[in-house]
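Trainee: Give me a model of this one.
(chains A, B, C and D)
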2 protein chains.
Amino acid sequence: MVMRGFAARSHYLRNGGRQITALHVPGDFVDLHAYLLKVMDHGVAAINSCEVGFTSYDSIRRATEQSPHLGRLFWLSTVIDGAVQRAWITCMGRLSTKQRIAHFLCELYLRLEAAGIASDNRYALPLTQTQLGDLLGLSVVHINRKLQELRSTRLVDWKGGMVFINDFDALAELAEFDPTYLSLRIEPR
Amino acid sequence: MVMRGFAARSHYLRNGGRQITALHVPGDFVDLHAYLLKVMDHGVAAINSCEVGFTSYDSIRRATEQSPHLGRLFWLSTVIDGAVQRAWITCMGRLSTKQRIAHFLCELYLRLEAAGIASDNRYALPLTQTQLGDLLGLSVVHINRKLQELRSTRLVDWKGGMVFINDFDALAELAEFDPTYLSLRIEPR
DNA sequence: CGTGTAGTTGATAGTGCTCAATTTTAGTGG
DNA sequence: CCACTAAAATTGAGCACTATCAACTACACG
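Mentor: Presented below is the predicted three-dimensional model:
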């Protein structure tokens, strides 16, 4: 489990290309999948300096057997990861570059807010533009240009590793972002 | 659970666009996610004429509580779905159109073979090119053209709703397809 | 002050989309 | 068995989007 910092799950390709398939933030159980999938075909790496916690598979097994409720929570955690991945698939397949970036920034804000490490429409985002490209399936150059366009709308800013969302609702509207898939408790914003 | 036929999980966008985020084939538990996620933000629809089985959430809950092993199998099922989605993300982000199509055809062959409804490198694929486009995040026209190029390589054919894989290994090589993520039993091919 | 990484820019070549038309296929009823 | 119809597949043309390559700038660090 990630306690502090960001971690990325990624695939590497023959030509040196890379695709990040999941971004894990503090509070995320990173490798519950691996508890069930004996063979993993990809790697998880820290994005920045991370603090992580470990548990033995044995203790997870015992916990799930002794407490079905806890078992369901673990299961739920992986199911939500799946919902996030489906949202990413839709982003990558059908949204414009600007929408993809906006969608990602919206998603991450809500996830970090839920984790208690973001508020006031701002958060630290320790990614390089190259990493954002690997995450969204785009080249750095293109990310850079579309990011400039996005900044010029004044809806959002990202500099010095900090994201400032000036108008969350408008940004979400732009990205067709619907937070339902994150399964967060619905609270008045 | 799908007993016969294909079903697709998809998101719809404002502009009428559609993205298929998962394709379910016979033997797939389609809505285990929904057992845990009380709110779903997308739909599941039959692709062709389907035969489906139903179970109550109650009986799933009872089964998982009485038999942790069965519970782990259900969980595993959703985790494998997640692995497939991650593979799709990589496809959509970093593979060429021809590779994406080839990757999809390879994946589906192995899944159908495991379900016992495909063998001899051939299977029935009841999708239109439009649906394949919605699945891979591409336009019909583009799908059509790249499909022709793929056919011209003689590695694979697809006509009359039947796919014929003439050289699975070469097709997999082209698509950088590694079946690990499907978590199928490894059998000599 | 040198060094390396990240960010930015311009130019060019692919890649993929849209629109619109045409051909083929499958299914229907006579 | 044939005519009719709707859906699916195919084609061409033009344009928009995105990648690549190659510089160049900004910034942090020792």
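Trainee: from here on, contacts and neighbour counts on C-alpha atoms
Mentor: OK.
Trainee: So which residues on chain A come close to chain B?
Mentor: Counting by C-alpha under 8 Å from any C-alpha of the partner chain, chain A comes close to chain B at A:11, A:13-14, A:17-21, A:33, A:36-37, A:39-41, A:64-65, A:68, A:72, A:75-76, A:78-82, A:85-86, A:88-90, A:92-94, A:136-138, A:176, A:180-181, A:183.
Trainee: mind checking pLDDT for the residue nearest to residue A:81 when sequence neighbours are not counted?
Mentor: If the residues on either side of it in the chain are set aside, residue A:81 comes closest to residue B:82, at 7.7 Å by C-alpha to C-alpha, 6 or more residues apart in numbering or on different chains. The model reports residue B:82 with a pLDDT of 95.
Trainee: Which residues are in contact with residue B:82?
Mentor: Residue B:82 makes contacts with A:79, A:81, A:82, A:85, as judged by C-alpha atoms under 8 Å, 6 or more residues apart in numbering or on different chains.
Trainee: So the first one: helix, strand or coil?
Mentor: The assignment at residue A:79 comes out as helix when based on DSSP: H, G, I helix; E, B strand; the rest coil.
Trainee: Wait, it touches residue B:33, no?
Mentor: Yes. Using C-alpha atoms under 8 Å, residue A:79 is in contact with residue B:33, at 6.1 Å.
Trainee: so what's residue A:75 up against?
Mentor: So residue A:75 contacts residue B:75 (C-alpha under 8 Å, 6+ apart).
Trainee: That one sits in which helix or strand?
Mentor: Using DSSP states H and E, residue A:75 falls within helix A:68-94.
Trainee: ok and that helix relative to helix B:68-94, angle-wise?
Mentor: Here the directions of helix A:68-94 and helix B:68-94 differ by 20 degrees (axes from the mean of the first three to the mean of the last three C-alpha atoms, to 10 degrees).
Trainee: and the next element down the chain from helix A:68-94?
Mentor: helix A:97-114.
Trainee: Which residues belonging to that following helix are considered buried?
Mentor: Burial within helix A:97-114, assessed by neighbour count using 16 or more other C-alpha atoms under 10 Å in any protein chain shown, is assigned to A:97-113.
Trainee: same check, this time on stretch A:78-98
Mentor: Residues of stretch A:78-98 classed as buried: A:78-95, A:97-98 (neighbour count, 16+ other C-alpha under 10 Å).
Trainee: Can you give the distance from that stretch to the centre of its chain?
Mentor: Relative to its chain's centre, stretch A:78-98 lies at 10 Å (C-alpha atoms, centre = their mean, to the nearest Å).
Trainee: Just give the number of residues close to residue A:25.
Mentor: For residue A:25, the count of nearby residues is 22 (other C-alpha atoms under 10 Å in any protein chain shown).
Trainee: Quick one: mean pLDDT for stretch A:85-99?
Mentor: On average, stretch A:85-99 scores 97.
Trainee: And the residue of chain A most remote from its centre, what's its pLDDT?
Mentor: What lies farthest from the middle of chain A is residue A:66; by C-alpha atoms, centre = their mean that is 31.0 Å. Per-residue pLDDT puts residue A:66 at 87.
Trainee: measure it to residue A:60 for me?
Mentor: 10 Å (C-alpha to C-alpha, to the nearest Å).
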